[in-house]
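*Asks:* Following is a predicted model, sequence given first.
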Amino acid sequence: MTPFFVDYATPSALESTRDRAVLGLSADRRRPVRFHARVKKEHRVGFRFALQALGDVVWSNDEWIDVELFRMMILDPIITVHPDFVFFEGFSQDQSAYGMVRFDRAIFETEGEVICGTTNVDFTAWLRAALAEMRSSRDTWLRIEPAGFEIASKGAGGRFEKKVEIPETWIRGFLSLQAAMAMPGTRLNVRPVDLLAAIRFLKVLKAKVAPRAVRFEMDPGQDAKIILEPWEHLVPLVGADHTYAEKRVIRTWGRRRLKLLEPVLPYADQVEIYLKGRALPHFYRVEMSGASFLLGLSGWSENKFSSSGGLSLLSGMGSNEAPPGTEAAAASLAANYHGNGDPAAMSYLVRAGRAFYDLERREYRHRELFDKPIDLPSVFPPDAQLIASKGMAVTVTSALPRETKKTRRLKTPDGPVMREIVYRDWQVFGSAGDQPQVEAVLNGDGRLIFGKCGCKLFVEHHLSEGPCAHLIALVTASESQRRDLPTSTLAPAEHVEDNDE
């Protein structure tokens with residue numbers, strides 16, 4: 001793969017006086033992004049703590065690493081300016097944690113021309129520490145541009161590198177992360193105080209023996225709850241309802257990284273948790289005044305996003321070939337900055353770094369991660385399990401739909417109508433290769449959400465390393481039997497529904 005560089009004209013800096021603080025972020029000078037704005041007074045607290053939380057993610061590292069090497073390898077965040085939001089994104093040094101800060105453009109009073117786009121920004125340890133100097137009593141300004149800043153500040157930036165090469169692992173991790181965000185899963189609305197109670201319990205008590213999972217349990221008719229192992233300590237999530245008709249348990253690991261949420265939770269209005277499955281990535285979104293902070297965690301600390309190539313297969317993002325209509329979808333997304341379109345085209349755009357999936361709004365966002373197109377096969381080489389599945393002897397014994405029906409009022413050009421919506425999963429049983437009993441469950445979009453196999457890879461890793469060759473072979477062989485069926489019917493006339501969809 002051709003090396004990917006960022007090029008800074010000057011270091012980033014923070015000018016702080018008694019009455020005014022100016023955060024000047026130096027952008028890649030090849031990317032014409034410009035944003036000068038004053039933060040409205042009532043949003044200064046959220047602005048400061050959200051950026052500090054991102055800095056904690058970027059400079060965090062769960063694995064031991066030489067400090068000097070750590071400083072040399074720091075991966076600068078990226079910024080995306082849209083007409084309605086400004087996004088900051090960054091990876092932890094060990095590439096097992098991801099942070100995104102979203103600022104509503106309404107919290108800013110802009111000055112001069114705004115040029116939308118995406119760019120890397122110089123973000124040093126010095127700058128992270130300097131954010132603590134910001135106060136809500138002072139005017140706060142944010143300046144993003146590639147040309148540098150006329151800011152006098154002693155020791156500004158602490159580090160200045162004119163040209164920085166971005167590792168391929170960073171690129172692979174960032175793109176694999178998007179696959180995880182687009183995967184289906186469980187969404188819980190929780191009170192900040194409940195999540196904070198779990199984090200502070202773990203902060204005080206250190207588990208020296210396994211198991212060390214955070215277990216989310218959903219019982220029918222009850223609010224979700226957190227169980228902390230090995231103490232079996234229960235933290236009720238008051239008001240965190242769900243729709244499961246049977247008991248559902250999702251275990252996650254790498255819980256030390258939850259401490260990254262602690263500084264922002266006291267300022268949170270609400271928190272959403274997105275669980276993708278056992279040992280799979282999970283996400284926490286903290287909503288504050290005019291800002292939100294999203295923390296994404298891989299299955300466990302050692303399971304880096306850059307090494308989780310199987311996530312692409314789990315999310316239906318496995319192809320390196322652009323499907324028909326991709327460029328039209330890209331043009332529409334670039335013109336509108338956000339929206340939904342053909343799932344295959346959108347998935348490819350995400351895989352190529354030209355869009356990202358917005359968990360909160362469940363739509364895609366335009367984002368050109370690279371200034372030049374990348375060679376996808378070099379970033380995502382052919383998957384060994386996918387290759388092993390080719391030509392494997394497969395017998396599909398059954399492929400039956402499991403249906404859940406809900407009545408909704410839908411808007412149409414002729415007015416609202418009542419429809420009974422069918423949510424359909426496909427349960428597939430069969431044999432593949434030397435495995436006599438293989439099971440796969442796929443949702444209506446054809447994404448694998450559950451699997452069972454007796455091979456060594458599955459027994460040791462389940463789906464955290466992606467599906468094994470036997471599951472891939474079974475899913476591929478059952479494609480013709482998983483027919484597209486009607487997704488809704490007219491609801492009975494006497495049925496009444498209050499909400500519009």
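*Replies:* Sure thing, it's come through. Numbering: from 1, shown residues only.
*Asks:* doesn't Phe49 make contact with Ala132?
*Replies:* No: with contact taken as C-beta atoms under 8 Å, Ala132 and Phe49 are classed as non-touching, separated by 10.2 Å. Quick note: C-beta positions are derived from backbone N, CA and C, even for glycine.
*Asks:* Looking at these two, which is more packed in?
*Replies:* Neighbour count, other C-beta atoms under 10 Å: between Ala132 and Phe49, Phe49 has more, with 23 against 10.
*Asks:* Going by secondary structure, the more buried one is in what exactly?
*Replies:* Using DSSP states H and E, Phe49 sits in helix 44-58.
*Asks:* Contact partners for Arg138?
*Replies:* Ser16, Thr17, Arg18, Asp19, Arg20, Ala21, Arg44 (C-beta atoms under 8 Å, 6 or more residues apart in numbering).
*Asks:* hang on, isn't the fifth one packed against Asp139?
*Replies:* Yes: in terms of C-beta under 8 Å, Arg20 counts as a neighbour of Asp139; the distance is 4.5 Å.
*Asks:* This structure: helices as residue ranges?
*Replies:* 44-58, 67-72, 125-130, 168-182, 192-204, 310-314, 326-336, 343-351, 376-379, 384-389, 456-461, 469-477 (DSSP state H).
*Asks:* Could you pull out the buried residues of the fifth one?
*Replies:* By neighbour count, with 16 or more other C-beta atoms under 10 Å as the criterion, the buried positions of helix 192-204 are Pro192, Asp194, Leu195, Leu196, Ala197, Ala198, Ile199, Leu202.
*Asks:* From Leu463, how far off is the third one?
*Replies:* Distance from Leu195 to Leu463, counting by C-beta to C-beta, to the nearest Å: 26 Å.
*Asks:* what pLDDT does Ser332 get?
*Replies:* What the model reports as pLDDT for Ser332 is 94.
*Asks:* That one - how many residues pack around it?
*Replies:* Applying the criterion other C-beta under 10 Å, we find 14 residues in the vicinity of Ser332.
*Asks:* show me what contacts it?
*Replies:* Remark: with contacts taken as C-beta under 8 Å, 6+ apart, Ser332 is in contact with Gly339, Gly341.
*Asks:* Relative to Leu349, how far out is it?
*Replies:* From Ser332 over to Leu349 the distance is 11 Å, taken as C-beta to C-beta.
*Asks:* check contacts around Asn320.
*Replies:* With contacts taken as C-beta under 8 Å, 6+ apart, Asn320 has the following neighbours: Arg351, Leu376, Pro377, Phe380.
*Asks:* okay, those residues in JSON lines with pLDDT, neighbour count and distance to Pro323 next?
*Replies:* Compiled in JSON lines, the contacts of Asn320 are given as follows (pLDDT from 0 to 100; neighbours: other C-beta atoms under 10 Å; distance: C-beta to C-beta, whole Å):
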{"residue": "Arg351", "pLDDT": "83", "neighbour count": "24", "distance to Pro323": "11"}
{"residue": "Leu376", "pLDDT": "77", "neighbour count": "18", "distance to Pro323": "13"}
{"residue": "Pro377", "pLDDT": "73", "neighbour count": "11", "distance to Pro323": "16"}
{"residue": "Phe380", "pLDDT": "74", "neighbour count": "20", "distance to Pro323": "16"}
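*Asks:* Of those residues, which pair is most distant in space?
*Replies:* Using C-beta to C-beta, the two most remote members of the contacts of Asn320 are Arg351 and Pro377, lying 11.4 Å apart.
*Asks:* residue ranges for the strands of the stretch 101-250 of the chain, please.
*Replies:* 108-110, 117-120, 139-145, 163-166, 186-190, 214-218, 225-228, 233-236, 248-252 (DSSP state E, counting those that start in this stretch).
*Asks:* In TSV: these, plus mean pLDDT and distance to Glu479.
*Replies:* As requested, the strands of the stretch 101-250 of the chain are arranged in TSV below (pLDDT from 0 to 100; distance: least, C-beta to C-beta, whole Å):
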stretch	mean pLDDT	distance to Glu479
strand 108-110	96	48
strand 117-120	90	36
strand 139-145	92	46
strand 163-166	63	37
strand 186-190	95	26
strand 214-218	92	31
strand 225-228	92	38
strand 233-236	91	42
strand 248-252	87	27
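*Asks:* which one of these is the most hemmed in?
*Replies:* Mean neighbour counts were taken over the strands of the stretch 101-250 of the chain using mean count of other C-beta atoms under 10 Å, and the top value, a mean of 24, falls to strand 117-120.
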